[in-house]
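A.B. asks: Let me see the structure of the following:
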Amino acid sequence: MCFRYAQLIFLFLLGCSTVFGQVFNVLDYGAVGNGIQKDTQAVQKAIDMATAQGGGKVIIPSGKKVLIGTIFLKDNVTLYLENGAVLLGSPTIEDYAQNTHKNMYKNEPHMDRCLIFAKEAHSIAIEGYGTIDGNGFPKNFKRETGRPMLIRFLNCTDIHINNVKLINPAAWTSAFLYCNNISVSGISIKSRANHNGDGLDFDGCQNVNVTNSIFDTSDDSICLQASMPNIPCKNISISNCTFESKWAGMRIGLLSRGDFESVTVTNCSFKNIDDSGLKIQMNEGGKMKNMTFSNLVMKNVPRPIFMTLAQQRACVDAPKEMYPTGVMQNFTFENIIVDNEELDQNSAIFITGITGHYIKNIVLRNIQLHFSGGGTLQDAQKINPKEYTLDVLKDWWPEFHLVGTLPAYGIYARHVKGLYMDNVHMYLKKEDKRSPIVLDDVSQDHISNSFSNYHSIVSSQLIRL
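C.D. replies: Have a look, this model is predicted:
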């Protein structure tokens with residue numbers, strides 16, 4: 001009878017293993033989980049054992065604070081953080097491996113290292129309701145000593161990141177380089193511990209879905225990039241997210257040697273952004289096209305839409321020769337509400353190509369813009385704001401501060417072919433001496449059903465330069 005009972009238990013456990021997969025608790029591989037002793041080797045052993053046996057869950061258990069340096073995620077492994085578990089980054093830079101590829105931006109080798117790395121891995125995941133804490137405070141990491149990212153995945157496929165909290169990276173929260181099939185859902189990112197703490201950065205990635213997530217970042221919350229000329233960033237869907245940032249909510253481009261195509265952003269809210277809501281910038285010769293942004297609400301977001309076409313080297317592997325001017329075309333922005341009544345006069349939508357090179361085919365539809373007003377007559381007379389030419393950029397990015405206050409309080413567009421505006425309403429809290437819309441070297445434009453509570457918006461009365 002006892003033998004039969006033991007046999008039944010064995011069969012039940014075997015069935016559980018078949019249904020739920022293999023489980024590898026890091027405590028069983030030597031981890032202590034007190035937040036003091038370094039458990040890097042124990043966690044890596046669990047990962048290595050899991051992938052060697054065909055895959056499974058590596059468990060960071062509840063109530064434990066597991067302190068690690070760099071770990072390497074591998075095929076068919078899910079790093080699972082139970083509710084109440086903390087995977088804590090070491091405060092010592094020497095605990096971070098140097099064979100984790102590199103940051104792709106020029107002049108930033110201090111961000112080459114990372115906490116969690118994977119290369120050419122298939123079917124990897126980070127899941128659970130626990131926390132990955134980069135412990136990246138300035139007392140631990142400075143530019144001079146190195147500031148590791150939290151996560152870097154290189155040439156990986158089938159990636160899932162679900163429900164976890166990612167906090168306190170010393171640099172970016174993540175960099176996905178040339179990866180395919182990425183699903184991110186239900187995560188929370190807080191990256192305010194150190195400088196330029198991006199949230200999710202997708203470089204040359206395809207088939208990406210980000211949904212139901214919250215971002216509170218000291219730099220761009222989500223970045224789309226293309227650092228390799230032959231690897232595009234395309235088929236990207238972002239929905240049901242909340243963005244708060246000391247820089248941009250979303251940045252598309254800057255690293256832009258490759259192409260961008262097929263991007264949708266919908267049902268998102270942006271608040272308390274210091275620089276721009278949607279920052280879309282082609283610099284390094286690639287092509288950018290076919291993007292839609294819809295059902296967005298923005299509060300305290302200067303430059304809700306900021307688009308630039310320019311020439312600039314951003315990539316660490318940039319050639320000495322300057323890139324040819326890239327291509328930007330086919331963008332739709334619709335069903336957007338912007339409440340900037342608490343901000344200063346620099347809150348306009350700003351879209352600019354450069355002389356002889358046009359951004360093409362832009363649709364602005366069903367947009368409400370609420371501004372503080374207060375622009376002066378002197379502001380209105382700044383009809384020739386600086387362009388993003390090489391002599392103005394001086395080896396730096398095309399940022400708004402290089403241009404300064406615009407002569408329009410609502411929409412300023414320059415070097416654009418094909419601009420369609422329908423049902424765009426602007427509301428000023430107080431009077432503004434500038435025009436609601438200024439078009440400079442804009443052709444094939446059409447404006448209908450648009451309104452300002454201080455100025456008439458009739459196509460024949462617009463300021464055209």
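
A.B. asks: Before we move on, what's the pLDDT of C2?
C.D. replies: C2 carries a pLDDT score of 48 in this model.

A.B. asks: what's across from F215 in the sheet?
C.D. replies: I189, F243 (DSSP bridges).

A.B. asks: Would you confirm that it contacts K246?
C.D. replies: No: at 11.4 Å, F215 and K246 do not qualify as touching, with contact defined as C-beta atoms under 8 Å. (Glycine included, C-beta is placed from N, CA and C.)

A.B. asks: Of the two, which one has the most company?
C.D. replies: F215 (27 against 19; other C-beta atoms under 10 Å).

A.B. asks: what's the distance between that one and G35?
C.D. replies: Distance, F215 to G35, by C-beta to C-beta, to the nearest Å: 26 Å.

A.B. asks: Sketch out the low-pLDDT regions of the stretch 351-465 of the chain for me.
C.D. replies: 458-462 (pLDDT under 70).

A.B. asks: Where do the helices of it begin and end?
C.D. replies: In the stretch 351-465 of the chain, the helices defined using DSSP state H, counting those that start in this stretch lie at 377-380, 390-393.

A.B. asks: Next, format the ones you listed as CSV and append distance to C233 and mean neighbour count.
C.D. replies: Shown next, in CSV, are these (distance: least, C-beta to C-beta, whole Å; neighbours: other C-beta atoms under 10 Å):
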stretch, distance to C233, mean neighbour count
helix 377-380, 37, 14
helix 390-393, 23, 13
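
A.B. asks: shaky segments in the protein?
C.D. replies: 1-20, 458-462.

A.B. asks: Now with 50, please.
C.D. replies: Along the chain, the parts satisfying pLDDT under 50 run over 1-4, 6-19, 460.

A.B. asks: Which parts of it are helices?
C.D. replies: 2-20, 40-52, 377-380, 390-393 (DSSP state H).

A.B. asks: quick one, what contacts P398?
C.D. replies: Residues in contact with P398 (C-beta atoms under 8 Å, 6 or more residues apart in numbering) are Q281, N283, T308, A310, Q312, Y388.

A.B. asks: The third one against Q281, yeah?
C.D. replies: Going back to what we said before, that points to T308. Yes: using C-beta under 8 Å, T308 makes contact with Q281 at a distance of 4.8 Å.

A.B. asks: ranges for the strands of the stretch 1-150 of the chain?
C.D. replies: 23-25, 34-38, 56-60, 65-68, 71-72, 77-81, 86-89, 114-119, 122-128, 131-133, 149-154 (DSSP state E, counting those that start in this stretch).

A.B. asks: Reformat these as TSV; add distance to I189 and mean neighbour count.
C.D. replies: What follows is the strands of the stretch 1-150 of the chain, written out as TSV (distance: least, C-beta to C-beta, whole Å; neighbours: other C-beta under 10 Å):
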stretch	distance to I189	mean neighbour count
strand 23-25	26	18
strand 34-38	21	13
strand 56-60	18	24
strand 65-68	19	23
strand 71-72	19	20
strand 77-81	15	24
strand 86-89	15	25
strand 114-119	14	24
strand 122-128	12	20
strand 131-133	10	23
strand 149-154	9	25
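
A.B. asks: nearest to I161, of these?
C.D. replies: For the strands of the stretch 1-150 of the chain, the distance to I161 is smallest for strand 122-128, at 4.9 Å, taking C-beta to C-beta.

A.B. asks: Strand partners (parallel or antiparallel) of the closest one?
C.D. replies: In the sheet, strand 122-128 lines up against strand 77-81 (parallel), strand 157-162 (parallel) (DSSP bridges).

A.B. asks: Can I get those strands in CSV including distance to C223?
C.D. replies: CSV is the format used below for these (distance: least, C-beta to C-beta, whole Å):
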stretch, distance to C223
strand 77-81, 23
strand 157-162, 16
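
A.B. asks: out of these, which comes closest to K119?
C.D. replies: strand 157-162 (11.7 Å).

A.B. asks: Show residues contacting the closest one.
C.D. replies: So strand 157-162 is contacted by 78, 121-128, 153, 176, 179-187 (C-beta under 8 Å, 6+ apart).

A.B. asks: let's see 10 Å
C.D. replies: 73, 75-76, 78-80, 118, 120-129, 151, 153, 174, 176, 179-187, 200, 205-208, 210, 212-213 (C-beta atoms under 10 Å, 6 or more residues apart in numbering).

A.B. asks: For E431, the count of nearby residues, please.
C.D. replies: By other C-beta under 10 Å, 10 other residues sit near E431.

A.B. asks: Confirm for me that it is in contact with S452.
C.D. replies: No: if you go by C-beta atoms under 10 Å, E431 and S452 don't touch, sitting 11.2 Å apart.

A.B. asks: and K417, what does it touch?
C.D. replies: Q329, G353, Y358, I359, K360, N361, I362, D441, V442, S443, Q444, D445.
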